[in-house]
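Colleague: my questions are about this predicted structure, shown below with the sequence.
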2 protein chains.
Amino acid sequence: MKMDFDFAAWTDARLLTVEQALDAWVPLRAPAGLGDGMRYAVLDGGKRLRPLLVLAARESVALGQTHEALDDAALRAACAVELIHAYSLVHDDMPCMDNDILRRGKPTVHVKFGEAGALLAGDALQALAFEILTPQDSAIPVEVQVRLCQRLARAAGHAGMAGGQAIDLASVGVALNEAQLREMHRLKTGALLEASVLLGADCAPQPASAWPALQTYAQALGVAFQVVDDVLDVVSDAATLGKTVGKDAAHDKPTFVSLMGLDRSRQYAQELLAQALQALDQSGLPRTEALRALAHMVVNRNN
Amino acid sequence: MKMDFDFAAWTDARLLTVEQALDAWVPLRAPAGLGDGMRYAVLDGGKRLRPLLVLAARESVALGQTHEALDDAALRAACAVELIHAYSLVHDDMPCMDNDILRRGKPTVHVKFGEAGALLAGDALQALAFEILTPQDSAIPVEVQVRLCQRLARAAGHAGMAGGQAIDLASVGVALNEAQLREMHRLKTGALLEASVLLGADCAPQPASAWPALQTYAQALGVAFQVVDDVLDVVSDAATLGKTVGKDAAHDKPTFVSLMGLDRSRQYAQELLAQALQALDQSGLPRTEALRALAHMVVNRNN
């Protein structure tokens, strides 16, 4: 990382923009309390890793050029991917799935708004993601809008996040091998993380030459994210993590830690970080500081 | 209706195309049984009213012109709106919502695949709708793809179907007046029916001059659909209807029948039919036979 890159300042500025946009786009006034559930699920919580990846990836390929319509596109992509992530957490926490009552240190949406309220809030958040990607009377090139919808829909659906959740659901009490565990996470969390990076690159003013490098970076980051999640589920406490700990073991779910042990998992996360950084080194991209810092953040986080 | 229009033949030909497309697009192979739940929810059932409305509306404005890419767009729009409809039924039937065990004469998705399986199948169907609207390497003009995504996302989300479901949920045991009941149905079922007609018009080779007429038609049809639904819930039996009957009264839900009585409801449905047909008469559109026949079908159906 270049010494003149101030990651904290970079993050603060982008989080401010993302939070303001989410606050504006997630409806204050939707019928019968639906907006309250949607806003509770999205606002005032979360690390916003996916939006930051979108914006960092865009900046890595945009060569410092600004472009009002594509700036707007990137912000919309950043928020749309966060809405998909938020809806997946709402549905994942429901009693018929993980039955979790705590998320980001707060009662989960179904605890606060009832199961039906959580179901509908999640459904409406998914629709909203595609709505904000296709604004009316927008200057965003229609090619870009289509590409963003296409990529997000694929990453969210049966061949991406929803497919991974189905494997997760079917894997309780089942002895997965490392390849199967990897496939589950490649879909469940990896698909959306990878999409975040590529959505950002979709918003570049010119075709990016570095797709393979960005893809390698994103895939390594996606696996690393899950490995670290599994480690934290074992070593952390609820106060730090903001959610229930030890739940994988309690649900008899296979994890990287249960498969390869704690020490090897930690080592593996560092290897994946090195892979991600190496991909950026070899990418020829001029501005990878934010992507590099985000990879460090993912691997060395404590919640 | 012109005497030379064979509605049965028209419907059969289009249903064949729609069923084949759904069979091809709803995945056979998705992870861990997810595809089975998705296909169970979508295939082999349903009147396909919304797809037929898409195709009929397109034909009403297309002046007999064929256009391969826009034919494809219309078929994709027809299937996408059906996927949104199908996902909404899956989630609506879940125990935390209507808790229904019978749909189209078959066990509901959560009965067959478990609650978590139903939740995920619904989520994946919504994503799939936007995926099939944005095919890779397609000849469909990107402007059309964006317009379709935009319209469907709005109709499905908080200001459309999901919003209407939220009102429905909040209305159990509450004395709604006619205006409130109407607003609920305008969103819950009307938004997607109206979108179906307008999605079809979006796929015309030239800008349609008859938007207001199509909108009037679609809105009248949307209300009529719900009025007839309420009537059938009272007068039909489960074998004819293919789903649980009398459930609105059992759940103490307000309906057009509970509000205005059975006879007045039936009369109101006929008035709405007349409104819809009159809008077509005054539209100047050259080919409205299928739209007219669909309106008759909606109002005079017995299931």
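Modeller: Yes, it's here. Numbers count the residues shown, from 1 in each chain, chains lettered A, B, ... in the order given.
Colleague: low-confidence ranges, chain A, go.
Modeller: By pLDDT under 70, the weakly predicted segments of chain A are A:1-3, A:64, A:207-208, A:238-252.
Colleague: one more time with 80, if that's ok
Modeller: A:1-4, A:44-45, A:63-66, A:172-173, A:205-209, A:237-253, A:303 (pLDDT under 80).
Colleague: and what about the residue nearest to the spatial centre of it, helix, strand or coil?
Modeller: Compute the mean C-alpha point of chain A, and by CA atoms, centre = their mean the closest residue is residue A:50, 3.8 Å away. Put simply, residue A:50 is helix when judged by DSSP: H, G, I helix; E, B strand; the rest coil.
Colleague: so how many other residues sit close to residue A:200?
Modeller: 31 (other CB atoms under 10 Å in any protein chain shown). Just so you know, the C-beta spots here come from the backbone N, C-alpha and C atoms, and that holds for glycine as well.
Colleague: so it makes contact with residue A:80?
Modeller: No - counting by CB atoms under 8 Å, residue A:200 stays clear of residue A:80, with 11.9 Å between them.
Colleague: picking up where we left off before, my guess is the residue nearest to the centre of chain A meets residue A:82, correct?
Modeller: Yes - in this structure, residue A:50 is within contact of residue A:82 by CB under 8 Å, at 5.6 Å.
Colleague: how about the closest residue to residue A:296 other than its chain neighbours, phi and psi?
Modeller: Distances taken as CB to CB, 6 or more residues apart in numbering or on different chains place residue A:273 nearest to residue A:296, at 6.9 Å, with adjacent residues excluded. Here is the backbone geometry of residue A:273 (degrees, to the nearest 10): phi -60, psi -40.
Colleague: just give me the neighbour total for residue A:273.
Modeller: Residue A:273 has 20 nearby residues by other CB under 10 Å.
Colleague: quick one: list the elements packing against the host helix or strand of residue A:83.
Modeller: Applying DSSP states H and E as the criterion places residue A:83 in helix A:68-92. Contacts defined by 3 or more CB pairs under 8 Å, 6 or more residues apart in numbering or on different chains; DSSP states H and E place helix A:68-92 against helix A:7-25, helix A:34-42, helix A:49-62, helix A:109-133, helix A:142-156, helix A:161-170, helix A:191-202, helix B:109-133.
Colleague: got those as a markdown table, with distance to residue A:102 columns?
Modeller: Below are those laid out as a markdown table (distance: least, CB to CB, whole Å):
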| stretch | distance to residue A:102 |
| --- | --- |
| helix A:7-25 | 22 |
| helix A:34-42 | 14 |
| helix A:49-62 | 19 |
| helix A:109-133 | 8 |
| helix A:142-156 | 25 |
| helix A:161-170 | 19 |
| helix A:191-202 | 22 |
| helix B:109-133 | 19 |
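Colleague: closest to residue A:299 out of these?
Modeller: helix A:49-62 (11.9 Å; CB to CB).
Colleague: residue A:232: neighbour count?
Modeller: 18.
Colleague: that one belongs to a helix, doesn't it?
Modeller: Yes - Residue A:232: assigned to a helix according to three-state DSSP.
Colleague: so what's the residue nearest to residue A:296 up against?
Modeller: Contact partners of residue A:273, counting by CB atoms under 8 Å, 6 or more residues apart in numbering or on different chains, are A:220, A:224, A:295, A:296, A:298, A:299.
Colleague: tell me which residues of stretch A:283-297 are tucked away?
Modeller: Of the residues in stretch A:283-297, A:283, A:285, A:288, A:289, A:290, A:291, A:292, A:293, A:294, A:295 count as buried by neighbour count, 16 or more other CB atoms under 10 Å in any protein chain shown.
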